[in-house]
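[1] Predicted coordinates and the sequence they were generated for:
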Amino acid sequence: MAIVASVALLITEHRSHRLDALRATLSVIVDPLKYLVDLPTVLIEQTADSVSSYSTLKKENTRLREEQFIDKTRLLKFDSLEKENIRLRALLENSFKLGEQLLIAELLSINTAPYENIVVVNKGTRFGVHPQQPVLDANGVVGQVFRALPFSSEIMLITDPNHAIPVQVNRNGLLTIAVGSGQLNRLNLPFLPNNADIRPGDLLITSGLGGTFPSGYPVAIVDDFTPMSNKPFVNITATPKAMLDRNRELLIVWSDSSPVSLSSPPASHEKTPETVPNDPSTKSSLVHVVPDQTRPDTARDAQPAAKGLTPQPSEGRPTGTNRNNQPAASGLAHKTPAGTRAGANRGDNQPAGSGTTRKTPEGARAGTDRDE
Amino acid sequence: MNSYSGFGRITLTIIIAMCLRIVPWPGFLSSINPDWVLLVLIYWTVAVPERIGIFHAWTVGLLTDVLTGRVFGQYALAYTLIVYFCLILHKRLRQFPLPQQGLFIFFCLLFSQMLLFWLKNIQHPAQLHTSFWLPVFIGTLCWPLIYTALRRVRLSRRTK
């Protein structure tokens, strides 16, 4: 009986995603164990925090302040560069993606299975995390959400043998795919020909193809290049930029799958929702700009004629902004390009450019180009 | 001792085993971490076969699947089969001296590991490390430890 049930479960799980609900339910039972195992690490960290001396804290504070100052100064430039980029892309009639929401998740120090580069973090579907979300850290791409459970989620690192990430060489834009090697400090680039223009030290960034990872984030640095004249493809290895084995904090990203309007530059609000017109959810720290979803057809019809026409915010009735499963104070920080739809599509049947954009994580999930 | 409290003790040991399963052992130790849940399950099956049955094994296996993020049913199947063998052989196993029990445990763990590898290989071609079999050996070496520890737990207030 039980054997039949197990085999049935195995087959069902392998074929479909119908058992996700069951898994979520059962995970509620066993997830406390994960937190229990993680507890000693947390306690040690807290103790270390509480007994660290005044001078250490002072030093750290100064250092962080300096870092923040430098970063802020860099960001000053970034804002104008971003707008310039959008303007230039408008000239090229090309679309541009921006607007990402971030959620800080902490690694649970547990080890579910050896030989698999899968880690568990403490944020789950209760925070709106969903599978295939990109995960970053301060240095680069870490991986993607592999399975989201209510209280935790599993993240597949880019070095997992079953993981591949579309990348491009930052120096010349050469596109390729980086495949995980199983070792935490190595990626393989198996699909490059012998005469490819790639050198040791080249920075690999995400290309944005495939739609899972937003473009432009550093992934790895090429470290070895051995041309083999007897084989069609060279064997290139790269070292991930992200500190895969050292970081405890990770960033889960809701990348915005909608292209940004071209002719009208987006007003990038990083402020409180009060600055966004027609946003009723002023209490929320989430900024959602949700156009009326019931009229995608009219918007789609109007779009080719008036490319780049930004629908007035009054058209866009913000609906259902503060989702019930979105705790408002969950540390979501993000930019909101207000009125950022009706951009040129990227050639595919992406509904995002047709007035159905939603700045919610749900909206990001609804993007059609992220199913790779 | 009433049966409820005995059941609580069994549950507690299984929970501890599950914790040991996912504790991040440093470096090399993590790759030789034996299947504690299975060892504990085998002990209780042999010791109190009237209390642990196929269904319990299946449930525990399912929870282990969720805990370790495996495909559903993988551990459930392995645990069910092994507990079934143990239920059949429990009378004989109790008579065995510890080394002979160890041999049986070795084959149980080996079977479980082979089953897991086979199931994994069906889903997608997996490569086999030599150290993949190490948990089996370490688990066998751990058996006397678990046996004595759990025996003490069982006999401390006569769960039975």
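    Arrived safely.

[2] number of nearby residues for residue B:113?
    20 (other CB atoms under 10 Å in any protein chain shown). All C-beta atoms are positioned from the backbone trio N, CA, C, and that covers glycine.

[3] ugh, typo on my part, it should be residue A:144
    21.

[4] Please settle this for me: is it part of a strand?
    Yes: counting by DSSP: H, G, I helix; E, B strand; the rest coil, residue A:144 is found in a strand.

[5] doesn't residue A:129 make contact with it?
    No: using CB atoms under 8 Å as the test, residue A:144 is too far from residue A:129 to be in contact (11.0 Å).

[6] Now the phi/psi pair for the most centrally placed residue in chain B, please.
    Central residue of chain B (CA atoms, centre = their mean): residue B:38, 0.8 Å from the mean position. With angles defined as degrees, to the nearest 10, residue B:38 sits at phi -70, psi -40.

[7] so who does it touch?
    Residue B:38 sits next to B:78, B:79, B:82, B:108, B:109, B:112, B:139 when contact means CB atoms under 8 Å, 6 or more residues apart in numbering or on different chains.

[8] Using JSON lines, please lay out those together with neighbour count.
    Below are these laid out as JSON lines (neighbours: other CB atoms under 10 Å in any protein chain shown):
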{"residue": "B:78", "neighbour count": "26"}
{"residue": "B:79", "neighbour count": "30"}
{"residue": "B:82", "neighbour count": "24"}
{"residue": "B:108", "neighbour count": "25"}
{"residue": "B:109", "neighbour count": "26"}
{"residue": "B:112", "neighbour count": "23"}
{"residue": "B:139", "neighbour count": "26"}
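
[9] now these in a markdown table, with secondary structure and pLDDT?
    Output for the contacts of residue B:38, formatted as a markdown table (DSSP: H, G, I helix; E, B strand; the rest coil; pLDDT from 0 to 100):
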| residue | secondary structure | pLDDT |
| --- | --- | --- |
| B:78 | helix | 88 |
| B:79 | helix | 89 |
| B:82 | helix | 90 |
| B:108 | helix | 90 |
| B:109 | helix | 91 |
| B:112 | helix | 90 |
| B:139 | helix | 87 |
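
[10] give me the subset of these touching chain A.
    By CB under 8 Å from any CB of the partner chain, no member of these lies near chain A.

[11] Any regions of the chain where pLDDT drops low?
    Went with chain A since none was named. Residues of chain A that meet the criterion pLDDT under 70 lie in A:1-2, A:13-18, A:92-100, A:112-115, A:255-372.

[12] Chain B is the one I meant
    B:1-5, B:126, B:157-160.

[13] all helices for the chain, in order.
    All of this is about chain A. Listed from the start of the chain, chain A has helices (DSSP state H) covering A:2-15, A:20-51, A:54-91, A:296-305, A:361-366.

[14] switch to chain B, that's the one I care about
    B:3-22, B:28-31, B:36-47, B:54-68, B:74-95, B:98-123, B:134-156.

[15] helices or strands next to the fifth one in the packing?
    Other helices and strands packing on helix B:74-95, by 3 or more CB pairs under 8 Å, 6 or more residues apart in numbering or on different chains; DSSP states H and E, are helix A:2-15, helix B:36-47, helix B:54-68, helix B:98-123.

[16] list the helices and strands the last one packs on?
    Read that as helix B:98-123. Short answer (3+ CB pairs under 8 Å, 6+ apart): helix B:98-123 packs on helix B:36-47, helix B:74-95, helix B:134-156.

[17] now swap in the third one and tell me
    Of the remaining helices and strands, those touching helix B:54-68 by 3+ CB pairs under 8 Å, 6+ apart are helix A:2-15, helix A:20-51, helix B:3-22, helix B:36-47, helix B:74-95.

[18] Can you give me the neighbour number for residue A:221?
    When neighbours are counted by other CB under 10 Å, residue A:221 comes out with 17.

[19] correct me, but it touches residue A:242?
    No: at 11.2 Å, residue A:221 does not count as touching residue A:242 under the criterion of CB under 8 Å.

[20] which residues touch residue B:95?
    By CB under 8 Å, 6+ apart, the contact list for residue B:95 is empty.

[21] hang on, I meant residue A:120
    By CB under 8 Å, 6+ apart, the neighbours of residue A:120 are A:34, A:107, A:108, A:110, A:112, A:152, A:153, A:154, A:155, B:69.

[22] which two of those residues lie the greatest distance from each other?
    A:107 and B:69 (14.5 Å; CB to CB).

[23] if we can go back for a sec, for residue A:90, which of the helices and strands packed on helix B:74-95 is the nearest?
    When the helices and strands packed on helix B:74-95 are compared by CB to CB, helix A:2-15 sits nearest residue A:90, at 45.5 Å.

[24] Contacts for the closest one, please.
    Residues contacting helix A:2-15 (CB under 8 Å, 6+ apart): A:18-19, B:54-55, B:57-58, B:61-62, B:71-74, B:76-77, B:80-81, B:119, B:123.

[25] How many residues are close by residue A:73?
    10.

[26] And residue A:26, by the same measure?
    Count around residue A:26 with other CB under 10 Å applied: 19.

[27] Residue B:62 is in contact with that one, correct?
    Yes: assessed by CB under 8 Å, residue A:26 is found in contact with residue B:62 at 6.5 Å.

[28] Buried deepest among the helices and strands packed on helix B:54-68, which one?
    Compared across those, helix B:36-47 shows the largest average neighbour count, a mean of 25 (mean count of other CB atoms under 10 Å in any protein chain shown).

[29] Take that one, keep the C-alpha atoms, and write them as CSV.
    Below are the C-alpha coordinates for helix B:36-47, written out as CSV (Å, rounded to 0.1, in the frame of the first residue of the first chain):
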residue,chain,number,x,y,z
TRP,B,36,20.1,9.3,11.2
VAL,B,37,16.4,9.1,10.6
LEU,B,38,16.6,5.7,9.1
LEU,B,39,18.8,4.4,11.8
VAL,B,40,16.5,5.6,14.5
LEU,B,41,13.5,4.2,12.6
ILE,B,42,15.2,0.8,12.3
TYR,B,43,15.9,0.7,16.0
TRP,B,44,12.3,1.5,17.0
THR,B,45,11.0,-1.0,14.5
VAL,B,46,13.1,-3.8,15.8
ALA,B,47,12.5,-2.8,19.5
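
[30] In TSV: the contacts of residue A:120, plus distance to residue A:63.
    Compiled in TSV, those are given as follows (distance: CB to CB, whole Å):
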residue	distance to residue A:63
A:34	33
A:107	23
A:108	28
A:110	31
A:112	35
A:152	32
A:153	32
A:154	34
A:155	29
B:69	37
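
[31] Mind checking which of the residues you listed are in strands?
    Judged by DSSP state E, the subset of those located in strands is A:107, A:108, A:153, A:154, A:155.

[32] The second one reaches residue A:152, doesn't it?
    To tie it back to what came earlier, the one meant is residue A:108. Yes: counting by CB under 8 Å, residue A:108 touches residue A:152, with 6.5 Å between them.

[33] and for these two, which residues touch both?
    A:34, A:120, A:121, A:122.
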